[in-house]
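**Q** Fold the following and give me the result.
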Amino acid sequence: MGLSELHEFHFVIAQSLRTSLEELRVFKGLHSVSSIVARILSLLVPVIKREHDWGKQRYSRYKYVSPDPKEKRVHAHAYLPEDLYRELKLIHQDLNFFSMGQIVRFFLELFLLLVKLYKDGILQELKSTYKQWRKDARDNQLTLRQYIRQLRIIIQHLPAGKRMINIYDYHFTPFWRFRL
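**A** The predicted structure follows:
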């Protein structure tokens, strides 16, 4: 993956979180915090998408970097794939997080909690969970007729005047724009 396809993301984390990330033994061969963070977030893409779909509204509340006010905060950089960065931006907007750094810290802490719970079996556990989620999504997928019906109901309830409907592709960019 070329450097132009990556987005440099800067955020602040607590020193204890940084130390926990550096001590992870799950990923062999990764030594820098940047590569560990990028690998964790890339591994958690289905979790990130699920949080985007089903997560609760955060009301732009500030959450401290660390519960201990005396703990040192450190700067971190991560080179994220552009699609992953755009998904994080959409979560920031749609779930009204205070900052994108807060989102990244949330998912890093979640991963560390899962590592604590599943230890060395974390990757297998995530794989089986993702497999079950894909099966559930296939079983509950709407038919084309159901999609059209749903779109028709939405269009009927839009306010009068200039009405726009945006349809996005998998890269979270507008694919079609309809003016009604």
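**Q** can you tell me the average pLDDT over the helix or strand containing Lys131?
**A** For Lys131, the host element (DSSP states H and E) is helix 122-139. Averaged across helix 122-139, pLDDT comes to 95.
**Q** Phi first, then psi, for His75.
**A** As for His75, its main-chain torsions (degrees, to the nearest 10) stand at phi -90, psi 150.
**Q** Could you pull up the residues touching it?
**A** By Cβ atoms under 8 Å, 6 or more residues apart in numbering, His75 lies in contact with His10, Phe11, Val12. In this view, the C-beta of every residue, glycine as well, is placed from N, C-alpha and C.
**Q** do Ala38 as well
**A** Counting by Cβ under 8 Å, 6+ apart, Ala38 touches Ala78, Tyr79, Leu80, Pro81.
**Q** That one should be in a helix, yeah?
**A** Yes. Under DSSP: H, G, I helix; E, B strand; the rest coil, Ala38 falls within a helix.
**Q** ok, so what distance separates it from Asp120?
**A** Using Cβ to Cβ, to the nearest Å, Ala38 is found at 21 Å from Asp120.
**Q** just His75 next, same as before
**A** 30 Å.
**Q** Then His31?
**A** As judged by Cβ to Cβ, His31 and Asp120 stand 19 Å apart.
**Q** do the same with Leu142
**A** Where Asp120 is concerned, Leu142 sits at a distance of 39 Å (Cβ to Cβ).
**Q** and what of Tyr59?
**A** Counting by Cβ to Cβ, the gap from Tyr59 to Asp120 is 38 Å.
**Q** before we move on, what about Ser35?
**A** In terms of Cβ to Cβ, Ser35 sits 20 Å off from Asp120.
**Q** Then Gly29?
**A** The gap separating Gly29 from Asp120 is 16 Å, by Cβ to Cβ.
**Q** Which residue of the two possesses the greater neighbour count?
**A** Neighbour count, other Cβ atoms under 10 Å: between Gly29 and Asp120, Asp120 has more, with 9 against 5.
**Q** check contacts around that one.
**A** Contacts of Asp120 (Cβ under 8 Å, 6+ apart): Arg25, Val26.
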